[in-house]
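*Asks:* missing the sequence, but the structure's below:
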């Protein structure tokens, strides 16, 4: 109990002292301006006017500033976490064990059946491992986006608007939880077992597809996190809606598409393109037929879809941030 109280005290202190980049020092708004909208415009001008950017284009300079702010905030939370290493180890192992229960449920199903939707245990383990690993990477880096609604509701987002650092970087790195490595570790373990158990005719293209689908899948899930956070600017209590597409999405992708109706498969292919995380690339790796009968090149489109999703999420974020009007208190 004492350790928990000390940890909460460290987190509370750190939350009041989030480091920000030194390259773009903040400056107060014009005389008589104190509203969050004006502060947000001032912070944006400060980021655009950051000195000593050399020959960097404005867009790339803002990206570098955001990444540096993100790394500084993450480093602060890592130091806070490592101050209680035993607590970190226990929470990481607990996270690993909790996520492993999903695969235990799959093992229990296969104790009564030989296949599920025409897929063997090793093939479903492949889907499970790729989905969990991709989602784990996105959850580790952007999982704090689901807390944005509470910040909007309580008005604490205003403190981020006046800091000379991109708001997205601050929200994404807020309370960075290293314990989420447990999900990634568990997903990689299941994926390793699946690769050892599958009897496939491996080629260079299939081997290359593995890291590409995991990185692209993480980017797609990250875009969903950001878009869900942007939605909370208007619907302040929408974290559960966001979770339906993030946590619910990764659970759905752990099972083969053949166990779902074609309408649902079309929805997660053309509307919210979660199928590009692992379903469509896995069809190529496993040598399976597409239940929707899509062209073969679609199985290689995950990187392009990830880029489009990230661009759309960025646009949604900018629109949501500009519409923010604080709580008025």
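*Replies:* Thanks, I have it. Small disclaimer: the values here were computed from a predicted structure and weren't measured. Numbering: from 1, shown residues only.
*Asks:* Packing partners of the strand or helix carrying residue 315?
*Replies:* Assigned by DSSP states H and E, residue 315 falls within helix 302-322. If you count contacts as 3 or more Cβ pairs under 8 Å, 6 or more residues apart in numbering; DSSP states H and E, helix 302-322 packs onto helix 204-231. C-beta coordinates here come from the backbone N, C-alpha and C atoms, glycine included.
*Asks:* how about the helix it packs on: buried residues?
*Replies:* 209-210, 213-231 (16 or more other Cβ atoms under 10 Å).
*Asks:* next one: stretch 100-117
*Replies:* 100, 102-103, 106, 116.
*Asks:* And for stretch 283-291?
*Replies:* Using 16+ other Cβ under 10 Å as the burial criterion, the residues of stretch 283-291 that qualify are 283-286, 288, 290-291.
*Asks:* Repeat that for stretch 244-262.
*Replies:* Buried residues in stretch 244-262, defined by neighbour count with 16+ other Cβ under 10 Å: 245-246, 249-250, 252-257, 260.
*Asks:* ok, the residue nearest to residue 245 when sequence neighbours are not counted to residue 298 distance?
*Replies:* Leaving aside its chain neighbours, residue 245 sits nearest to residue 224 (5.3 Å; criterion: Cβ to Cβ, 6 or more residues apart in numbering). As for residue 224, its distance to residue 298 is 20 Å (criterion: Cβ to Cβ, to the nearest Å).
*Asks:* Show the backbone phi and psi for the residue nearest the centre of the chain.
*Replies:* The centroid of the chain falls nearest to residue 138 when counting by Cα atoms, centre = their mean (2.8 Å). Backbone geometry at residue 138, expressed as degrees, to the nearest 10, gives phi -70, psi -40.
*Asks:* Identify all contacting residues around stretch 254-272.
*Replies:* With contact meaning Cβ atoms under 8 Å, 6 or more residues apart in numbering, stretch 254-272 is reached by 102, 106, 116-119, 123-124, 127-128, 131-132, 224, 245, 249, 252, 274-276, 279-280, 291-292, 294.
*Asks:* Could you pull up the mean pLDDT of that stretch?
*Replies:* Confidence over stretch 254-272 (mean pLDDT, whole number) is 94.
*Asks:* how long is that stretch end to end?
*Replies:* By Cα to Cα, to the nearest Å, the extent of stretch 254-272 from end to end equals 16 Å.
*Asks:* Could you do stretch 144-152 as well?
*Replies:* One end of stretch 144-152 to the other measures 14 Å (Cα to Cα).
*Asks:* in it, what counts as buried?
*Replies:* Applying 16+ other Cβ under 10 Å to stretch 144-152 flags 144-149, 151-152 as buried.
*Asks:* Likewise for stretch 286-305?
*Replies:* Quick answer for stretch 286-305 (16+ other Cβ under 10 Å): 286, 288, 290-291, 294, 298-303, 305.
*Asks:* how about those residues in a markdown table, adding pLDDT?
*Replies:* Listed next are those as a markdown table, based on pLDDT from 0 to 100:
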| residue | pLDDT |
| --- | --- |
| 286 | 94 |
| 288 | 92 |
| 290 | 91 |
| 291 | 90 |
| 294 | 92 |
| 298 | 94 |
| 299 | 94 |
| 300 | 95 |
| 301 | 96 |
| 302 | 96 |
| 303 | 96 |
| 305 | 97 |
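*Asks:* out of the residues you listed, what pair is the most spread apart?
*Replies:* Spatially, the most separated pair among the buried residues of stretch 286-305 is 291 and 303, at 22.4 Å (Cβ to Cβ).
*Asks:* Would you map the helices across the stretch 1-150 of the chain?
*Replies:* Listed in chain order, the helices of the stretch 1-150 of the chain (DSSP state H, counting those that start in this stretch) span 2-15, 36-48, 58-82, 85-110, 121-142, 148-154.
*Asks:* of all those, which gets the most neighbours per residue?
*Replies:* With neighbours defined as mean count of other Cβ atoms under 10 Å, the helices of the stretch 1-150 of the chain peak in mean count at helix 121-142, which reaches a mean of 24.
*Asks:* tell me what that one is packed against?
*Replies:* Judged by 3+ Cβ pairs under 8 Å, 6+ apart, the packing partners of helix 121-142 are helix 85-110, helix 181-197, helix 204-231, helix 239-253, helix 279-286.
*Asks:* Quick one: closest of those to residue 314.
*Replies:* Using Cβ to Cβ as the measure, helix 204-231 is the one of the helices and strands packed on helix 121-142 that comes nearest residue 314, at 7.1 Å.
*Asks:* if we can go back for a sec, tabulate the buried residues of stretch 100-117 (CSV), appending pLDDT and distance to residue 236.
*Replies:* Shown next, in CSV, are those (pLDDT from 0 to 100; distance: Cβ to Cβ, whole Å):
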residue, pLDDT, distance to residue 236
100, 88, 34
102, 87, 30
103, 92, 35
106, 92, 36
116, 92, 39
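*Asks:* with these in mind, which one is nearest to residue 186?
*Replies:* Closest approach to residue 186 among those (Cβ to Cβ): residue 100, at 5.3 Å.
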